[in-house]
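>>> what's the 3D shape of this:
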Amino acid sequence: MFKRKAAKTLARIPRSTRERIRTALTVLSADPDTQSLDVKPLYGRNGFRLRVGGWRVIYEVIRGRLIILVLEIGPRGDIYK
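All right, here's what the predicted structure looks like:
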């Protein structure tokens, strides 16, 4: 599940990067606790960050229904602001 802003950003980025992000999100949705991805908890706010090359995906996991809500997608330098 994507927030509107995240979906728009994903649609605008280069195709190869978009496919890498989609693949990582597919792996994440199959197992939110996987160790095969570069995932770390965020500091100062709820959620996690997924690193895909120079891009970051900020997301939350809603465990009651196993929903991964993608909040933001952006380049490394801008995503945390």
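>>> relative to L50, how far out is the residue sitting furthest away from the middle of the chain?
Centroid-distance maximum for the chain: G64 at 19.2 Å, with C-alpha atoms, centre = their mean. Distance from G64 to L50, counting by C-beta to C-beta, to the nearest Å: 21 Å. For every residue, glycine as well, the C-beta is placed using N, CA and C.
>>> longest single helix anywhere in the chain?
helix 15-30 (DSSP state H).
>>> okay, and the residue nearest to the spatial centre of the chain sits in which element?
By C-alpha atoms, centre = their mean, the chain has its centre lying nearest to V57, at 2.8 Å. Using DSSP states H and E, V57 sits in strand 55-62.
>>> and that strand, what does it pack onto?
helix 15-30, strand 48-52, strand 67-75 (3 or more C-beta pairs under 8 Å, 6 or more residues apart in numbering; DSSP states H and E).
>>> you'd agree the residue farthest from the centre of the chain is in a helix?
No: assignment of G64 by DSSP: H, G, I helix; E, B strand; the rest coil gives coil, placing it outside any helix.
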